[in-house]
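**Student:** below are the sequence and a predicted model; questions follow.
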Amino acid sequence: MEEIVKHINDTNASYRAINAGDAKNTDLFLDNEHYELFKGAGDQITVRFSKENLQKAILFIASILPRKYDNSATHKVIRFSSAFVFDQLAFLDAFFTIDGVKVETRTQVWNARKDVPKKNGEIDNRFYFNGLLEDVPYTSFSGENKTGKFTIRNYVAGSYSDIHIKKANDGIFDVWVTNTQTPYDDGKDKHHEIIDEQSLPLQQIFYGAPGTGKSNTIKREVDDKGMPNVRTTFHPDSDYSTFVGAYKPTSVEVPVMTIIGKEQVPVVNAKPEKKIVYEFVPQAFLKAYTGAWKDQDKPFFLIIEEINRGNCAQIFGDLFQLLDRNDETGLSDYPISPDEDIQKFLLTDKKFGFAALTDEQKASIPEEVLCGELMILPKNLHIWATMNTSDQSLFPIDSAFKRRWDWQYMPISDGRKGWKIDANGKQYDWWQFLQKMNNQIGSTTNSEDKKLGYYFCKAKGDTIDAETFVGKVIFYVWNDVFKDFAEEAGDLFKDTDGSLLSFNKFYSVGDDGRAKVIEEKVERILSNLGVSPIEVEFNIIDDEAEVENGSVNKHKSLRSVSFPDGIEFTADNMTHFEIYLESLKKIGLDEVCPIIESMKYRRKGCPMMSTEQLPGILNSDFTYHNEGKYFIVKGAIDDTLINILNDLNTKLNLGIDINYE
């Protein structure tokens, strides 16, 4: 045997930072059959490396980053950067320099190990080498004089590389690395550490009409999943200092000094003296930047609400260059040099800066980033923003900025929440209103940007009251959409007397001097749009299914109501009305009565539950069930009972399970 070829699996290919400490897992393990090449060579062998070969190997390593490296058996991830390549080549240049003379080959002595006793007394029958580490002084990319450790394991890539060892005529073992573009598994390492692919967009803007759920989408993806994040909102006064950080006056306690300059003896219960000093205060960007570097194995989000309400070119400044991210590594392609204030903050701040990190956390950060000389966005820093297209004229975003983001359009769609508009004793379907209003906006203004999304206005429970509707919806459509298009809008803003239904007509002044919504005007504009009130009719039937012409109508049939504490009322041993009644009693009649009275489920203007018997019910085919001081209408079909229970479940957040067929 004159030569061996060792395919490098993941165990023998953990990349090792130049400045990592000594660790036994820098040993090189070979298969036992490879021992034949070294039999008789003794406990030590001399190996020889080629500079050209290792240069090619490190460039190949750089081409497939990111990958993990090993720092005292703690696996981390290293990302590509130009500084990484320059540092590695400078390090090799220093390694292949002897007494100031550059050479093309270097030798090193390895310790050969076979049948080594373990601490527990067992024999380790593997064959391996150690002593692969060698201290090398070199000048880094940033110009600093440093000392790093050379090891052949820095130049091999798991599943991609082979190590060749051949005994030369002079008795020295030549060692070189070959690489392939196609990885393969030799089956000898079943513990490959998989690095997750980037699945979340690094820089993404959610845009669309107001109320389409842009912020809610981010909340579901980030906050609801417990992802660490920093949130900010852009506005016309936002600038670089409010986004990144700046020196600001802060109050600090200082010792009280005497007139001769000595510290005064503290007086009991005396208030400490405070002094105004200027300190660098980090803002959203720097907090997210250092937070992401702290734990690179977990996504970190910088969330910018209303990104187009600020001047992005002014706010981002030179950070704009960092937004060019490498598709494979996620790192910034073009680092920037921070100013002295930011560099000092990164080095010294013990709350948000790199000074707050542990040695283990620092080990995973590139040296030029850790020392503050360069700023590079880490691969796990995701910058997500929202943009309301109706406000896009505030600060137009230039095409160069746009190109650096992924864009996610948020269409207007039915949120399926069942929200209703409550006005003048009637209820109107919110989604029907939106559809008709958006059609009117589109035909009048020829603009998609001014339309309303489902979440433009938030309901209380499932109801949008008249005051909220006027204050948010009517105010918006009058001032921001139709103010200059009142005539083009046709009958939309036409009052009952034919005059213009301007915004001020929706209010009257009460006795207390406060503005009060005139709900008849809300009803008028809904009528002008063609939005009809929701009519809920109670069929006068008993608890059994209604039969007409020998066939059963397709009404819902209440089967059971289950509560979180395990209590359940079922049709197995109860009538449908009894299920409904017992459920109301379980929730609490005092609590449900005011809600049911206001739900607008009515028969001849009467609610389904009240504290007195009403003539409208007594003079119909309905009956009352008396439950103490409450009178509960009996005789409605299951559809109505189910609707009431569903509304109670939503409004009171009961968590009950209502089953029907």
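**Tutor:** Sure thing, it's come through.
**Student:** where does pLDDT dip in the protein?
**Tutor:** 1, 10-26, 66-79, 118-121, 184-199, 254-272, 391-394, 535-554, 599-605 (pLDDT under 70).
**Student:** point to the residue nearest the middle of it.
**Tutor:** Central residue of the chain (C-alpha atoms, centre = their mean): Val222, 2.8 Å from the mean position.
**Student:** that one - that's part of a helix, no?
**Tutor:** Yes: Val222 forms part of a helix when assessed by DSSP: H, G, I helix; E, B strand; the rest coil.
**Student:** run through the residues that contact it.
**Tutor:** Applying C-beta atoms under 8 Å, 6 or more residues apart in numbering, one finds that Val222 lies in contact with Asn229, Phe301, Ile303, Trp384. For the C-beta atoms, the positions are set from N, CA and C on the backbone; glycine is no exception.
**Student:** ok but the third one is inside a strand, no?
**Tutor:** Yes: if the criterion is three-state DSSP, then Ile303 is within a strand.
**Student:** so it sits against Val230, correct?
**Tutor:** Yes: using C-beta atoms under 8 Å, Ile303 is in contact with Val230, at 7.1 Å.
**Student:** which residue of those two possesses the greater neighbour count?
**Tutor:** Regarding Ile303 and Val230, a neighbour count based on other C-beta atoms under 10 Å identifies Ile303 as having more, with 23 against 19.
**Student:** okay, and the beta partners of the more buried one?
**Tutor:** Arg231, Trp384 (DSSP bridges).
**Student:** now Val481. Nearest residue, chain neighbours left out?
**Tutor:** Leaving aside its chain neighbours, Val481 sits nearest to Lys450 (4.8 Å; criterion: C-beta to C-beta, 6 or more residues apart in numbering).
**Student:** just after the helix or strand Leu92 falls within, pick out the following helix or strand.
**Tutor:** Element membership for Leu92 (DSSP states H and E) is helix 82-95. Sequence order places strand 97-98 as the next helix or strand after helix 82-95, per DSSP H and E.
**Student:** direction included, what does that next one pair up with?
**Tutor:** Strand 97-98 is paired, per DSSP bridges, with strand 101-102 (antiparallel).
**Student:** what comes into contact with the partner strand?
**Tutor:** Residues from elsewhere that reach strand 101-102, judged by C-beta under 8 Å, 6+ apart: Asp93, Phe96.
**Student:** partners of the helix or strand hosting Asp115 in the sheet?
**Tutor:** Element membership of Asp115, judged by DSSP H and E, is strand 105-117. Sheet pairing of strand 105-117 (DSSP bridges) gives strand 44-50 (antiparallel), strand 123-130 (antiparallel).
**Student:** what angle do helix 82-95 and it make with each other?
**Tutor:** Relative orientation of strand 105-117 and helix 82-95, computed by axes from the mean of the first three to the mean of the last three C-alpha atoms, to 10 degrees: 90 degrees.
**Student:** just the buried residues of strand 105-117, please?
**Tutor:** Buried residues in strand 105-117, counting neighbours by 16 or more other C-beta atoms under 10 Å, are found at Arg106, Gln108, Trp110, Ala112, Arg113.
**Student:** got CSV for those residues, with distance to Arg126 too?
**Tutor:** Shown next, in CSV, are these (distance: C-beta to C-beta, whole Å):
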residue, distance to Arg126
Arg106, 27
Gln108, 21
Trp110, 15
Ala112, 12
Arg113, 8
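**Student:** which two in these are spaced the farthest apart?
**Tutor:** The span of these, defined through C-beta to C-beta, is set by Arg106 and Arg113 at 22.4 Å.
**Student:** looks to me like Gly158 is in a strand.
**Tutor:** No: assessed with three-state DSSP, Gly158 is coil; it does not lie in a strand.
**Student:** next, give phi and psi for it.
**Tutor:** phi -60, psi 130 (degrees, to the nearest 10).
**Student:** residues in contact with Val230?
**Tutor:** Ala284, Lys287, Ala288, Gly291, Phe301, Leu302, Ile303.
**Student:** separation between the last one and Asp223?
**Tutor:** Taken as C-beta to C-beta, to the nearest Å, the spacing of Ile303 relative to Asp223 amounts to 9 Å.
**Student:** what touches both of these two?
**Tutor:** In terms of C-beta under 8 Å, 6+ apart, Ile303 and Asp223 are both contacted by the residues Asn229.
**Student:** let's have the contacts of Val230 in TSV, adding distance to Phe320.
**Tutor:** Conversion of the contacts of Val230 to TSV gives the following (distance: C-beta to C-beta, whole Å):
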residue	distance to Phe320
Ala284	16
Lys287	19
Ala288	16
Gly291	21
Phe301	19
Leu302	14
Ile303	18
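**Student:** for those, pick the one with the most neighbours.
**Tutor:** Neighbour counts for those (other C-beta under 10 Å) peak at Ala288, which has 25 neighbours.
**Student:** that one should be in a strand, yeah?
**Tutor:** No: Ala288: not assigned to a strand; according to three-state DSSP it is helix.
**Student:** so what's it up against?
**Tutor:** Asn229, Val230, Phe300, Phe301, Leu302, Leu381, Ile383.
**Student:** again, but for Gln44
**Tutor:** Taking C-beta under 8 Å, 6+ apart as the criterion, Gln44 is in contact with Val109, Trp110, Asn111, Ala112, Gly131.
**Student:** repeat that with 6 Å
**Tutor:** By C-beta atoms under 6 Å, 6 or more residues apart in numbering, the contact list for Gln44 reads Val109, Asn111.
**Student:** and for Lys402?
**Tutor:** Counting by C-beta under 6 Å, 6+ apart, Lys402 touches no other residue.
**Student:** first to last residue in stretch 316-329, what's the distance?
**Tutor:** One end of stretch 316-329 sits 22 Å from the other (C-alpha to C-alpha, to the nearest Å).
**Student:** surely Gln204 and Arg404 touch.
**Tutor:** No: Gln204 lies out of contact with Arg404 (C-beta atoms under 6 Å); the separation is 10.7 Å.
**Student:** where do the strands of the stretch 251-400 of the chain begin and end?
**Tutor:** In the stretch 251-400 of the chain, the strands defined using DSSP state E, counting those that start in this stretch lie at 273-282, 300-305, 381-388.
**Student:** buried residues in the last one?
**Tutor:** Of the residues in strand 381-388, those scored as buried under the neighbour-count criterion (16+ other C-beta under 10 Å) are Leu381, His382, Ile383, Trp384, Ala385, Thr386, Met387, Asn388.
**Student:** before we move on, what about the longest one?
**Tutor:** Along strand 273-282, the positions that meet the burial threshold by neighbour count (16+ other C-beta under 10 Å) are Phe280, Val281, Pro282.
**Student:** quick check: the second one vs Phe352, distance?
**Tutor:** Counting by C-beta to C-beta, the separation of Val281 from Phe352 is 10 Å.
**Student:** just the strands in the stretch 401-550 of the chain please.
**Tutor:** 406-409, 420-423, 426-429, 463-465, 507-509, 515-517, 547-548.
**Student:** beta partners of Lys166?
**Tutor:** Glu3, Asp174.
**Student:** that one touches Lys6, doesn't it?
**Tutor:** No: the pair formed by Lys166 and Lys6 falls short of the contact definition of C-beta under 6 Å, at 11.9 Å.
**Student:** in the stretch 151-300 of the chain, which spans are helices?
**Tutor:** Counting by DSSP state H, counting those that start in this stretch, one finds helices in the stretch 151-300 of the chain at the ranges 214-218, 240-243, 284-294.
**Student:** next one: the last one to chain centre, how far?
**Tutor:** Relative to its parent chain, helix 284-294 has a centroid offset of 14 Å by C-alpha atoms, centre = their mean, to the nearest Å.
**Student:** report the backbone C-alpha coordinates of that helix in PDB.
**Tutor:** What follows is helix 284-294 as a C-alpha-only set of coordinates in PDB (Å, rounded to 0.1, in the frame of the first residue of the first chain):
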ATOM      1  CA  ALA A 284     -34.500  49.400  16.500                       C
ATOM      2  CA  PHE A 285     -31.900  48.500  13.900                       C
ATOM      3  CA  LEU A 286     -28.900  48.100  16.200                       C
ATOM      4  CA  LYS A 287     -31.000  46.100  18.700                       C
ATOM      5  CA  ALA A 288     -32.100  43.800  16.000                       C
ATOM      6  CA  TYR A 289     -28.600  43.600  14.500                       C
ATOM      7  CA  THR A 290     -26.900  42.500  17.700                       C
ATOM      8  CA  GLY A 291     -29.900  40.400  18.700                       C
ATOM      9  CA  ALA A 292     -29.600  38.400  15.500                       C
ATOM     10  CA  TRP A 293     -25.800  37.900  15.800                       C
ATOM     11  CA  LYS A 294     -26.300  36.700  19.400                       C
END
